[in-house]
Every structure is written in C-alpha cells, then in structure tokens.
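Asks: could you look at this predicted model? Sequence included:
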Amino acid sequence: MKFKKINLLPAKCAVDLGDGSERGEYVNQSYILNTLGRPHRGINLMYCYYPLDKGWPGRASVVHKSDNVGFAWDYPYDDYFPYGGGPSGNTEGEPFTFMREVRRYGQDVILTLTIDPNVSDEHLEKIAVELSAFGRLMLRINHEATGNWFAFNKRCTYQEVADFFVRFHHIIKKKAPHIRTILCIDGVEDQSGSEIEMEKEFAEAVRVADIWSVDKYLALHWGWPYGIAEKGGTSQKRCHVRDIYELTKRSFERFREISGGISKPMLMSEFNADGDVTGAYEQAEMVKEFFDILKNEPADWFSGLTFYQFRDRGRLGLEIEDPSNADVGIAQPVLKTYRELIFDDYFYPATEVSGETALPIRLRWGGAEDAEGLAILLLFESDPVFCEITFAEELNLIMEINGRWFYKAPNVNTIDLMPAFYNNRLSGECELMLKIFAPPASGENSPATGNDDDWLINSYTTISKAPEIRIRYEPCEPCN
C-alpha cells in the first residue's frame, strides 16, 4: 500500500440537506448515507426556543393541541422541535444528540432556530456557549424573518426582529466567534424591484451577518396539511425555474450593495418543488433544471443550497413518510434525480493530494470543507468479488472509494467496501484511491482532541497502524 496526504476542499456549489421539521421526523445519518451514497456539506436541523411561554418545553402541537387549528403556524409558538438547552435546560437531549451524530458522519451542523426576541442576553449567551463545541456550525436565526407566520413576527415589529438578529449575532461573536450566522429573509421579490423586502429594517442585519440566505420553492403548497392542492386553489403556487434563479441572483447583488460592495456566501436555505403542486415527475424535472442552471451559468456567486427535506409527511421530501409506519420512507422519483445531481463534479466536494506520507499520521478535521486525511492507493486486478477493510484501532472515520462513501464507528473493525462496486463495476485492471478522513468521534470538539489554540475549530486523530485490506476476484469456493 502507498500512503499519501489528501485535503478535503469545498465543492464549487455545496449541497446541504434538511433532516426533520414540523413536517417530518429526524432520520438517522447512517440511513441517509447508505441511501444517497455520500455525506452532505451540512445537515439542517430545525428547532425553536420560547422559554417564556406557557407549555414550554413541550412541542406546540402537543401542549396546545386544538380542533380550531387550521394552519401549520396557528399555535402560540412555532411547531418545531423544542431546543432543549438554555439556562433551564441541558445538552443531553435534542438537538445535541442529533448534532453529534451529524458531525460524527463528517458533516457540518446547520441549526435553524426560531427564538422569542424577548429573551434576555443570559439565554443567548448560554446558547452560544452550548453550541461552541460543535465546530464550524452555521446558525440560522429566525429565518424567513420578513414573513408574518412565525411567532416572533407576530410578537414583534420587523425592526425589532432585525435588531434581535443583530443582538444575537454580536453575542455569538463574543462567546463563539467561529460560529457563522445566517440571515434568511426575502430578497428582491419582484422582477422590476430594486430593493429587498423590508430593506430599511434589515439593512444592518444584512451588513453584520456572516452568510446571506433566501428560501425559494419552485412550487409550494403552504396550506398543507389542512387542505389539498387543486387547480384554482389559493394555498399553493408554482414559479418558473429561471425566474427563481434570477430573483436569487438579484437578491445577492442587492445584499452586496447594502454591504458597501462586500460579498458574502449566498445560500438558498430551503429549496424544493412541492410534489403536491407539480406531481412526482415534474418535481424531479424542476429540481434538475435548477441544478443545471447553477452549473451551466456557472453561478460562481452562489455558495450552496439546502434541499428541504430528506423525509416528509407531505410531498416535500426525497422520501414520503409511510403513514402506516413513521420509521419507513417511500422513495420518490426526485430521490434518484437528486442522488445523480449531487455526484456531479460541480456539487461534489473537491480533494487534493498533497504528497506521500507514512504511518503514524495525524489527521485534522476542520469541517466538511476543510480537512486533512489519508489516501491509500490500491491496485485492482479486475472487478472484485470481495473487498473489505479492517482497522486495529478504535477510530471514527468516513471513507470514499470508487465514488461511494462509508462510515466506520469507533467500535467497528471491518467495513465491507463492495457497495462501491455494485453500480460502478470495474472493467479491468486499475488503481483506485481510498480516501480516509477522521471527524471527531464524540461529535464535539474538545481540548483533548485538538491544540490549545485551535480546538474549537479543529480536532485531530492519529492513525498508527495500517489497516488490512482484503480484495478477492473470485468466490472463495469456485463451482467445479
């Protein structure tokens, strides 16, 4: 075996994935990885924090259940999963258990948090400290803030919501400066418009945010689940794909103008076409059309998008939740399309080999767009019948070979690599590179796994012993 150093770098356009919301439950990362074949740059988790409210920390649709509810946001506070931290909480439950899993699988956390703007700085400081061990986390604060459906908009003026974002941003930068804040608001919403929605109120928030974002659905049935989308209905819409792209680009340009010409990463934090409106086949076609536009332009001003979401109780998921068994997902046509799109070079994380090395080697994990790993060059005589790798050490690893990614938990020794060849068989002798990276085994950064000066943004893992790799080209007992 030949060993080389390898760096994990950003894709030209990152792809992130929503996992759980008011419309669906969290799906474990093992299932998602084995369904899609690669990790995402980030996983978006959606939570709310209304600790001053009656019924908190119960979920709104449970503690405030009512037959009078006719809209998803008709509850006293937002019906996301409750954020379990804060001054009166702890980090043993949600979202922290899921955040740890997301990071163990080599992905960054995107935490969407709707939060009561009336909470004190004590609450915000505690949240910032709680999130600080999760590396290069992205925090989307009170998203879709120029809308009128979330509880924070019903309680406060738009100016107060904007001022709250600025206040929370500055607390984050004081307590956890490595965390990046996402401002998600309506941008330019009209083809003839030159300003973003609520520009006067949100101008300072635009200037201070680390990342800009808009949520754009190519089609959406916002009346779900209390109505059915039919022709002539008033709770749905469908847009031209090109129009969505152009409005997003104009929004970025206006954000930049407000910021005095400074460019920042531009995201689409929720993206999809709703199958309630389009049907399953055109949903997949519209998603592909938008990805194709990003690639073919190319949209070098656009940093990434988050597909909403993996599994949905409606028709906004790669899978639909089986109504008879919530643990089962039913794949939609868009899943196959999406899986093909995210393996395109434009949306796929880049890697760069940086020279030969030897064991032991110390690997650095900064995040899904910045890591130093180990590459092993393997010579294959032909298409294998058996291919597996065995480690003697308890390591937390993600690995890629022949275009397929695998996860190895610390308590697992052997990983069967044959799924990398099932749909991508070798036609003859070739050399393949096995790429290995080491996210933090606990899902959190700590001084024990980093350096004194950088442990908040980096974790380190040492591989001391070479793994054993078993490759065979015929059955162990051929037929006579």
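Replies: Thanks, I have it.
Asks: how about the helices of the stretch 101-250 of the chain, start to end?
Replies: 121-131, 151-155, 158-175, 199-208, 241-258 (DSSP state H, counting those that start in this stretch).
Asks: to N272, which of those lies closest?
Replies: Among the helices of the stretch 101-250 of the chain, the nearest to N272 by CB to CB is helix 241-258 (11.2 Å). Bear in mind the C-beta positions are built from the backbone N, C-alpha and C, glycine included.
Asks: what's the span of stretch 351-361, first residue to last?
Replies: Terminal residues of stretch 351-361 lie 18 Å apart, using CA to CA, to the nearest Å.
Asks: right, I mislabeled it, should have said stretch 313-326
Replies: 9 Å.
Asks: who touches that stretch?
Replies: Contacts to stretch 313-326, defined as CB atoms under 8 Å, 6 or more residues apart in numbering, come from residues 23-25, 221, 224-225, 272, 274-276, 280, 283, 307-312, 328-332, 334-335, 338.
Asks: buried set for it?
Replies: By 16 or more other CB atoms under 10 Å, the buried positions in stretch 313-326 come out as 313-321.
Asks: now do whichever helix in the chain runs longest, average pLDDT.
Replies: Assignment by DSSP state H gives helix 275-296 as the longest helix of the chain. Averaged across helix 275-296, pLDDT comes to 98.
Asks: give me the angle between it and helix 241-258.
Replies: With axes from the mean of the first three to the mean of the last three CA atoms, to 10 degrees applied, the angle from helix 275-296 to helix 241-258 works out at 60 degrees.
Asks: picking up where we left off before, I'd like to know which of the contacts of stretch 313-326 are buried.
Replies: 23-24, 221, 224, 272, 274-276, 283, 307-312, 329, 332, 334-335, 338.
Asks: the longest helix of the chain packs against which elements?
Replies: strand 211-221, strand 236-238, helix 241-258, strand 266-273, helix 333-341 (3 or more CB pairs under 8 Å, 6 or more residues apart in numbering; DSSP states H and E).
Asks: for those, give me JSON lines that also has distance to D186.
Replies: Rendered in JSON lines, the data for the helices and strands packed on helix 275-296 read as follows (distance: least, CB to CB, whole Å):
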{"stretch": "strand 211-221", "distance to D186": "7"}
{"stretch": "strand 236-238", "distance to D186": "14"}
{"stretch": "helix 241-258", "distance to D186": "8"}
{"stretch": "strand 266-273", "distance to D186": "12"}
{"stretch": "helix 333-341", "distance to D186": "25"}
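Asks: which of those sits most buried?
Replies: Most buried of these, by mean neighbour count (mean count of other CB atoms under 10 Å): strand 266-273, with a mean of 26.
Asks: contacts for that one?
Replies: By CB under 8 Å, 6+ apart, strand 266-273 touches 16, 18, 44, 110, 112, 140, 143, 182, 184, 211-219, 248, 251-252, 255, 282-283, 286-287, 290, 301-309, 316.
Asks: how many neighbouring residues does H240 have?
Replies: Number of residues near H240 (other CB atoms under 10 Å) recorded here: 11.
Asks: now the phi/psi pair for it, please.
Replies: When read as degrees, to the nearest 10, the backbone of H240 gives phi -80, psi 130.
Asks: in contact with it, which residues?
Replies: Residues near H240 by CB under 8 Å, 6+ apart: none.
Asks: dump the residue contacts of E101.
Replies: Applying CB under 8 Å, 6+ apart to E101 gives the contacts 28-29, 443.
Asks: for I244, see how far away the closest residue to R315 other than its chain neighbours is.
Replies: Using CB to CB, 6 or more residues apart in numbering and skipping residues adjacent in sequence, the residue nearest R315 is G275, 3.1 Å away. With distances taken as CB to CB, to the nearest Å, G275 is found 17 Å from I244.
Asks: same check, this time on V102
Replies: 28 Å.
Asks: next one: I376
Replies: Taking CB to CB as the measure, I376 falls 43 Å from I244.
Asks: what segments of the stretch 301-450 of the chain are strands?
Replies: Here the stretch 301-450 of the chain has its strands, by DSSP state E, counting those that start in this stretch, at 304-307, 311-312, 319-322, 325-331, 350-356, 361-367, 370-380, 386-390, 397-401, 404-408, 414-416, 430-437.
Asks: could those go into CSV alongside mean pLDDT?
Replies: Shown next, in CSV, are the strands of the stretch 301-450 of the chain (pLDDT from 0 to 100):
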stretch, mean pLDDT
strand 304-307, 98
strand 311-312, 98
strand 319-322, 98
strand 325-331, 96
strand 350-356, 94
strand 361-367, 97
strand 370-380, 97
strand 386-390, 98
strand 397-401, 98
strand 404-408, 98
strand 414-416, 98
strand 430-437, 97
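Asks: most tightly packed of the ones you listed?
Replies: Greatest average neighbour count among the strands of the stretch 301-450 of the chain goes to strand 311-312 (a mean of 27), per mean count of other CB under 10 Å.
Asks: state the distance from the closest residue to L294 other than its chain neighbours to L341.
Replies: Spatial nearest neighbour of L294, excluding adjacent residues (CB to CB, 6+ apart): C13 at 5.6 Å. Distance, C13 to L341, using CB to CB: 10 Å.
Asks: check Y80 too.
Replies: 28 Å.
Asks: could you do D322 as well?
Replies: The gap separating D322 from L341 is 25 Å, by CB to CB.
Asks: per-residue pLDDT, the residue nearest to W222 when sequence neighbours are not counted?
Replies: Leaving aside its sequence neighbours, W222 sits nearest to S235 (CB to CB, 6+ apart; 5.7 Å). Predicted confidence (pLDDT) for S235: 94.
Asks: show me the contacts for K408.
Replies: K408 is in contact with 391, 395-399, 415, counting by CB under 8 Å, 6+ apart.
Asks: turn the strands of the stretch 301-450 of the chain into TSV, including distance to Y75.
Replies: Shown next, in TSV, are those (distance: least, CB to CB, whole Å):
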stretch	distance to Y75
strand 304-307	24
strand 311-312	19
strand 319-322	21
strand 325-331	21
strand 350-356	43
strand 361-367	35
strand 370-380	40
strand 386-390	49
strand 397-401	39
strand 404-408	37
strand 414-416	44
strand 430-437	42
